[in-house]
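Student: Build me a model from this:
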Amino acid sequence: HIATSLPLPSERDHLRPRIDLVVFMIDIKSKYSLKNVEASLAHVDASFFLGKVCFLVTGVGRVNSCSIDTSAVCKLGEAYCSPVLFCELELEGIRVATAQRLLRMLEICAGRIPGVSALSFVSLMRKSDDD
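Tutor: Take a look at the predicted model:
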């Protein structure tokens with residue numbers, strides 16, 4: 001399911017399936033995109049930030065047309081203890097690899113991979129302070 005912003009409308013709550021993973025998409029070429037994500041973050045339950053949220057930054061192949069500094073997005077990921085994935089959707093190989101990575105994350109967050117929890121998975125993805 002895709003939403004352009006949060007909160008989701010409450011009139012269909014009873015029809016909405018369980019949410020296992022929230023992916024915030026940020027277009028590196030649009031400051032509005034980052035502002036929309038920042039505004040939407042307030043509507044996400046704090047428990048989701050324990051392994052069930054990630055930030056997907058698109059358009060990174062066009063450094064000359066970036067409106068957002070990548071460090072701002074990385075700081076957002078650090079602040080919410082959530083992974084940041086960078087991709088270029090216009091390149092098929094990268095698009096496919098990113099989709100596969102997101103699907104694997106979703107399987108973990110949904111509890112479909114025995115022995116791996118969303119929280120343990122995110123802790124493995126985090127870079128250590130020694131790096």
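
Student: What residues sit buried inside the worst-scoring helix or strand of the chain on mean pLDDT?
Tutor: Within the chain, no helix or strand scores below helix 118-125, which has a mean of 72 by mean pLDDT, DSSP states H and E. By neighbour count on 16 or more other Cβ atoms under 10 Å, the buried set for helix 118-125 is 118, 121-122. In short, each C-beta sits where N, CA and C put it, glycine included.

Student: Using PDB, list the CA coordinates for the helix of greatest length in the chain.
Tutor: Longest helix of the chain, by residue count under DSSP state H: helix 92-109. Extracted C-alpha coordinates of helix 92-109, given in PDB (Å, rounded to 0.1, in the frame of the first residue of the first chain):
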ATOM      1  CA  GLU A  92      17.100  -1.400 -13.900                       C
ATOM      2  CA  GLY A  93      19.800  -3.400 -12.200                       C
ATOM      3  CA  ILE A  94      19.800  -1.100  -9.200                       C
ATOM      4  CA  ARG A  95      16.000  -0.900  -9.100                       C
ATOM      5  CA  VAL A  96      15.700  -4.700  -9.100                       C
ATOM      6  CA  ALA A  97      18.400  -5.000  -6.400                       C
ATOM      7  CA  THR A  98      16.700  -2.400  -4.200                       C
ATOM      8  CA  ALA A  99      13.300  -4.100  -4.600                       C
ATOM      9  CA  GLN A 100      14.800  -7.400  -3.600                       C
ATOM     10  CA  ARG A 101      16.400  -5.800  -0.600                       C
ATOM     11  CA  LEU A 102      13.200  -4.200   0.500                       C
ATOM     12  CA  LEU A 103      11.300  -7.500   0.000                       C
ATOM     13  CA  ARG A 104      13.800  -9.200   2.200                       C
ATOM     14  CA  MET A 105      13.500  -6.500   4.900                       C
ATOM     15  CA  LEU A 106       9.700  -6.900   4.700                       C
ATOM     16  CA  GLU A 107      10.000 -10.700   5.200                       C
ATOM     17  CA  ILE A 108      12.100 -10.100   8.300                       C
ATOM     18  CA  CYS A 109       9.800  -7.400   9.600                       C
END
